[in-house]
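Asks: Predicted model and sequence follow; I will ask about them next.
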Amino acid sequence: MKRISKAKNEAFFPFLAICFSIQVHAQDSSRVQLKTYLGVLTLTDTYKNDANWGKSEQGIVGEHFQRLVRMQQEGRIMMAGRTQLESNYPAMMGLVIFYAKDDNEAFRLMMEDPAVKKKIMLAKVYPYVIAVGSCK
């Protein structure tokens, strides 16, 4: 009898550990469930004219780019890029597909961009779902 109960105990502890791990993982993933958003960046009217760009503005856009790179390295951005059109072309824009916990955080992330704060770019934010393809 002692041998059977020992075997039951040896089997029970790994089972208990697995159940505990699953529960902890489920709690963590529900707490950190991030949504996908699309950020659309366009130039303000002043900067649609290339003559209005100086070193200061170029530096701010450099900060904007470095921020995007950092956020991508942190796993917050899936992808970011821009259309290859002239600055004054009406459809010229940048797109950022990123993750945030909710609409407020998504809006805040876009509004904290250095180029948006310095009024070089305007930002819009939309909840977004990828229907086809993957950037992974």
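Replies: Okay, I see it.
Asks: Start from the N-terminal end of the protein and give the helices.
Replies: 2-31, 55-73, 103-111, 114-117 (DSSP state H).
Asks: lowest-confidence stretch among the ones you listed?
Replies: Within these, the stretch with the lowest mean pLDDT is helix 2-31, showing a mean of 49.
Asks: Just the residues contacting the lengthiest strand in the chain, thanks.
Replies: Counting residues, the longest strand found in the chain (DSSP state E) is strand 35-43. The contact list for strand 35-43 (Cβ atoms under 8 Å, 6 or more residues apart in numbering) reads 78, 82, 87, 92-102, 106, 109-110, 113, 115-116, 120-130. All C-beta atoms are positioned from the backbone trio N, CA, C, and that covers glycine.
Asks: Can you get me a residue count around Asp45?
Replies: Asp45 has 10 neighbouring residues, counting by other Cβ atoms under 10 Å.
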